[in-house]
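Undergrad: Next comes the sequence, and after it the predicted model I'd like to discuss.
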Amino acid sequence: MFAYYNYENKEKKSTEFKSLALNVQDSVKKIERLFLVVTNFCSSKCLLCSYWKNKEPKFISLTFIKRKVIPLIRKYNIKFVCITGGEPTLHPELDKIIKLIKKKGIFVTLITNCIGLSKHFNKIKGYIDGYMISLDADTPTLLYKIRGNKNFLEVNSWPKKIKRESPLLKLCFLV
Ligand code: SF4
């Protein structure tokens, strides 16, 4: 079972959050994995996605995490949380979100295109159990064509950097 929570739940408060919570409540006792959308904004321009067309960046708040997400994690005995977006590294408080969730003993993974990872890496590296890296090209031209970004060398350097810091960590690649 997967449940998505995004910034709109916070803005449209009760209705959206409650209806989603009720749906979950009615149908299941336990949720295996939560995909948490922390922003609607992205630094790539992938062919397969329209997140990057969002003009107004929105970010999930720490209050929403504390008041809604943490209780949900407890209630449904969630063991895995996957932090995603948009591009989650654009969230200015990504480290605080990750730490709040990790404190609950959760296995935390981060889906990232790696473009903004350097801003957060030192603060989050001790709290992440796995990375899912958006990497579908073996040349700069192909990466630009598919994902609209020119950061081929930077993106490709991250798997090695991550492994150097945490050799036992699992890496997955989204292709
Ligand atoms: S990196 Fe992910 S969220 Fe961003 S445009 Fe590509 S598929 Fe969409």
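TA: Yep, that arrived. Residues are numbered from 1 along each chain as shown.
Undergrad: From here on, just use CA atoms for contacts and neighbour counts.
TA: Fine.
Undergrad: what sits against the residue in the chain that the ligand sits nearest to?
TA: At 3.8 Å from the ligand, G86 is the closest residue in the chain, using CA to the nearest ligand atom. Counting by CA atoms under 8 Å, 6 or more residues apart in numbering, G86 touches 37-42, 51-52.
Undergrad: Filter these down to the buried ones.
TA: 37-42, 51-52 (16 or more other CA atoms under 10 Å).
Undergrad: Would it be right to say that the residue of the chain closest to the ligand lies in a strand?
TA: No: counting by DSSP: H, G, I helix; E, B strand; the rest coil, G86 is located in no strand; its state is coil.
Undergrad: Now do it against P159, distance only.
TA: 20 Å (CA to CA, to the nearest Å).
Undergrad: So K79 sits against F107, correct?
TA: Yes: using CA atoms under 8 Å, K79 is in contact with F107, at 6.1 Å.
Undergrad: circling back to that earlier point, can you lay out the contacts of G86 as a markdown table showing distance to the ligand, secondary structure and pLDDT?
TA: Formatted as a markdown table, these follow (distance: CA to the nearest ligand atom, whole Å; DSSP: H, G, I helix; E, B strand; the rest coil; pLDDT from 0 to 100):
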| residue | distance to the ligand | secondary structure | pLDDT |
| --- | --- | --- | --- |
| V37 | 10 | strand | 92 |
| V38 | 11 | coil | 93 |
| T39 | 9 | strand | 92 |
| N40 | 8 | coil | 89 |
| F41 | 7 | coil | 90 |
| C42 | 5 | coil | 92 |
| Y51 | 5 | helix | 87 |
| W52 | 5 | helix | 86 |
